[in-house]
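Engineer: pasting the structure only:
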């Protein structure tokens, strides 16, 4: 079997994130007036939606949304077990387990090193991160683990639709319950509208138009690859801005960056193990079980970062927590891929006519 490889950007994402962190912090320290000006650009009074961040998020997410074929949901009923396990972990376990784990670490175990105000911010950031299931990078992880691409598409499509409905109430309920912070609900709704609805609708309309005018083969093999550099550059530019906005925060709290990574790592491995174990228990075939475990582990970090910034500000601890999630995403997911490919013999071979 040929060895599957990531492209250079995907393979070294943690390196690029690290370089953006250095460049952003340097920019924040060397050009504070410029950063203050960019930070003050918002969509109207009270929206707290930063215009430069929003535009970059649109450039980043819209091409990802163009990959999602909601017509594939029609086939869900044929193999429901894998999808049901993924939905159970994503929406009934993952955000709630993250809230509990974050509260235990930031509110109790790390309390000698973290103030109560910072703990509340980090708890909120971790919850926002866990409440947003991964959308785009899942296709990469599914490919590396020999997952079923069509079924992965179904899982991503259904999760995107549920995210429209569940993301805002879950974030508000858990952040208010696990910390002393109050979530401004209208700002949260603005975030869902700007960072989910707008790119989702744009992606669906563009996909429909391009496929209708040039065909599916041209759309998937020629057009989508051309958008990859745009998404990559938008992601890197977003990270530079985020780290520039947080320069003082990061330089003043290097220990906190390491501490934030601990509960996020525990949550990622807990959810991926739970999903994988349930898939094995219900005898779901490997090509569905592996991407299911990876979806349970990964996060839609672009949305999480943007929402944390909108709710609490670009220099907030919540935004810092979501950025730490970006930093550890790739090495962690590669380790989960490696475990999956080495344990594929745990699962039954797919048999024609047997639904999963």
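Structural biologist: Great, that's in hand. Not measured: the values here are computed from a predicted model.

Engineer: got the contact list for residue 56?
Structural biologist: By Cβ atoms under 8 Å, 6 or more residues apart in numbering, the contact list for residue 56 reads 234, 235, 237, 238, 241. The C-beta positions use only the backbone N, C-alpha and C, and glycine is treated the same way.

Engineer: Can you name the residues that contact the closest residue to the second one other than its chain neighbours?
Structural biologist: When you say that, I think you mean residue 235. Excluding the flanking residues, the one nearest residue 235 by Cβ to Cβ, 6 or more residues apart in numbering is residue 60, at 5.2 Å. Going by Cβ under 8 Å, 6+ apart, residue 60 touches 231, 234, 235, 238, 302.

Engineer: quick one: which of those residues has the most company?
Structural biologist: Note: the member of the contacts of residue 60 with the most neighbours is residue 302, at 27 neighbours, neighbours being other Cβ atoms under 10 Å.

Engineer: Off-centre distance for stretch 279-294?
Structural biologist: In terms of Cα atoms, centre = their mean, to the nearest Å, the centre of stretch 279-294 is found 21 Å from the chain centre.

Engineer: Please apply the same query to stretch 27-44.
Structural biologist: Chain-centre distance of stretch 27-44: 25 Å, with Cα atoms, centre = their mean.

Engineer: can you list contacts of it?
Structural biologist: 48-52, 54, 190, 194, 240-241, 243-248, 251, 314-315.

Engineer: do that again at 7 Å, thanks
Structural biologist: Identification of contacts with stretch 27-44 by Cβ atoms under 7 Å, 6 or more residues apart in numbering yields 48-52, 54, 240-241, 243-245, 247, 314.

Engineer: Quick one, which of those are buried?
Structural biologist: With burial judged by 16 or more other Cβ atoms under 10 Å, the buried subset of these is 48, 49, 50, 54, 240, 241, 243, 244, 245, 247, 314.

Engineer: Sort out which one of the residues you listed lies nearest residue 150 for me.
Structural biologist: residue 54 (32.4 Å; Cβ to Cβ).

Engineer: Quick check: next helix or strand after the strand or helix carrying residue 177?
Structural biologist: Using DSSP states H and E, residue 177 sits within helix 149-178. Next helix or strand after helix 149-178 toward the C-terminus (DSSP H and E): helix 185-192.

Engineer: what stretches of the stretch 1-150 of the chain score poorly on pLDDT?
Structural biologist: By pLDDT under 70, the low-scoring segments of the stretch 1-150 of the chain are 1-11, 13-14, 44-48, 68-78, 134-137, 139-140, 149.

Engineer: can you give me the strands in the chain?
Structural biologist: In the chain, no segments count as strands under DSSP state E.

Engineer: Not counting sequence-adjacent ones, nearest residue to the spatially most central residue of it?
Structural biologist: With distances taken as Cα atoms, centre = their mean, residue 300 lies nearest the centre of the chain, 1.4 Å away. Among residues not flanking residue 300 along the chain, residue 132 sits closest, at 3.8 Å (Cβ to Cβ, 6+ apart).

Engineer: Report the contact partners of the one you found.
Structural biologist: 163, 167, 299, 300, 303, 304.
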